[in-house]
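Visitor: dropping a prediction and its sequence here:
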Amino acid sequence: MEGNKVSTGDLTVSTYLRVSDNVPLIVYDVESTYSEPVVIDIIHPLPEEINSSQIVFHPKHQKWEVRSIEHVPLKIISKFDGHTVVHLHRPIQSRSSFRTYYAIDTNDKKDVQSLLNKKVQTHVSQQDDKSESKSTTKNHSKSKRKTNRISDPIEKLVENVDGYTFEHFIADLWEKQGWKTQVTNGSGDEGVDVVAISHVPYKIVSNIQVKRYKDSVISRPDIQQYSGLQQLMDVDMVAVVTSSSFSSPAEDWAAKTNVKLIDGDDLRRIIEKYDAYDLVRDYING
């Protein structure tokens, strides 16, 4: 089922459906590019078809709890502007992301779709009063990064490394983002190049397919090939990473099947964000 995405400045919230053990889960993917810690409030209105007692916080990868309202933590179900809402209130560190699951006690797909169709609202506030000193640190870091930059790191990588080495670069780049990674040996892995695991705030497993291209555009059939891996291999996320770009049909298919796409421009932003130019130099210089 299609979900929706809300982007407001430095905050992006994506919602979509995932089914686990025949139980529908609403997934909230939150990504913040704020330069300082903030407090995020996500307000998701409940449609008339769903009662508040049907929405239960689900700690993924932990033991299932009885799906009843008694197990919902504070501030998850509340009233907002006269409506019953799913309310997520959470501090988040600078430039970080997290994922939260909610189980829905229903067997009617129309109920789930009606919730997905409801657009979330977001509110952001300062986590503490240290923003001034952090702003100074941010400006200093920016100045340092400017002197460390490479004009086009992805182009230089494509020119200087082969496909297998590029897979190792992607694994190391994901390590810089806090993931633990392993490059596969190419056999019995269903085409997966890198397995990445995060334990913050809980365990998340991502299968990554890496495409080192200079000019070729990744088409829809390429994405279709990997869109079934999430259920086939029981992982939380499937991503296709390329040094080039994706066609519009490929992007549409990825949005429908919850495949995360990361193109060359995205990689440049990640390198900039995590100041990974020295890592690029290590691979270019071999």
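Guide: Received the coordinates, thanks.
Visitor: touching, Asp263 and Val240? I think so.
Guide: No. Counting by Cβ atoms under 8 Å, Asp263 stays clear of Val240, with 9.2 Å between them. Every residue, glycine included, has its C-beta placed from N, CA and C.
Visitor: please identify every residue contacting each of these two.
Guide: Listed as contacting both Asp263 and Val240 by Cβ atoms under 8 Å, 6 or more residues apart in numbering are Phe246.
Visitor: these two: which is more packed in?
Guide: Comparing Asp263 with Val240 by other Cβ atoms under 10 Å, the one with more neighbours is Val240, at 24 against 19.
Visitor: surely the more buried one forms part of a strand?
Guide: Yes. Judged by DSSP: H, G, I helix; E, B strand; the rest coil, Val240 forms part of a strand.
Visitor: please name the nearest non-neighbouring residue to it.
Guide: With Cβ to Cβ, 6 or more residues apart in numbering as the criterion, Val240 has its nearest non-adjacent residue at 4.8 Å, and that residue is Gln209.
Visitor: now His199
Guide: Among residues not flanking His199 along the chain, Lys180 sits closest, at 7.8 Å (Cβ to Cβ, 6+ apart).
Visitor: wait, what's in contact with that neighbour?
Guide: 196-199.
Visitor: from those, list the buried ones, please.
Guide: Among those, those classed as buried by neighbour count (16 or more other Cβ atoms under 10 Å) are 196, 198.
Visitor: of the contacts of Lys180, closest to Ala254?
Guide: Ala196 (17.6 Å; Cβ to Cβ).
Visitor: so in that sheet, which strands flank the helix or strand that contains the closest one, and in what orientation?
Guide: Secondary structure assignment for Ala196, by DSSP states H and E: strand 194-198. Next to strand 194-198 in the sheet, as set by DSSP bridges, lie strand 180-183 (antiparallel), strand 204-211 (antiparallel).
Visitor: a markdown table for those, including distance to Ile150?
Guide: Below are those laid out as a markdown table (distance: least, Cβ to Cβ, whole Å):
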| stretch | distance to Ile150 |
| --- | --- |
| strand 180-183 | 22 |
| strand 204-211 | 20 |
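Visitor: nearest to Ser14, of those?
Guide: Relative to Ser14, the nearest member of those by Cβ to Cβ is strand 204-211, separated by 14.3 Å.
Visitor: which strands or helices does the following helix or strand past the closest one pack on?
Guide: Counting by DSSP H and E, the next helix or strand C-terminal to strand 204-211 is strand 217-218. Packing partners of strand 217-218 (3 or more Cβ pairs under 8 Å, 6 or more residues apart in numbering; DSSP states H and E): strand 245-246.
Visitor: try it again at 10 Å.
Guide: strand 237-242, strand 245-246, helix 248-257 (3 or more Cβ pairs under 10 Å, 6 or more residues apart in numbering; DSSP states H and E).
Visitor: relative to Ser219, which of the ones you listed is closest?
Guide: Judged by Cβ to Cβ, the one of the helices and strands packed on strand 217-218 that comes nearest to Ser219 is helix 248-257, at 5.6 Å.
Visitor: list the neighbours of the helix or strand that the closest one is followed by that are in contact with it.
Guide: Next along the chain after helix 248-257, taking DSSP H and E as the criterion, comes strand 259-262. Residues outside strand 259-262 that contact it (Cβ atoms under 10 Å, 6 or more residues apart in numbering) are 14, 29, 170, 206, 208-210, 218, 223-224, 226-230, 237-243, 245-246, 250-251, 253-255, 266, 269-270.
Visitor: can you check stretch 154-166 too?
Guide: Outside stretch 154-166, the residues that reach it (Cβ under 10 Å, 6+ apart) are 150, 152, 167-170, 183, 186, 193, 210-215, 241-244, 263-268, 271, 280-281, 283-286.
Visitor: give me the buried entries from those.
Guide: With neighbours counted by 16+ other Cβ under 10 Å, these contain buried members at 150, 167-170, 183, 193, 210-212, 241-244, 263-264, 267-268, 271, 280, 283.
Visitor: now the strand holding Ala196 against strand 237-242, angle please.
Guide: Interaxial angle of strand 194-198 relative to strand 237-242 (axes from the mean of the first three to the mean of the last three Cα atoms, to 10 degrees): 130 degrees.
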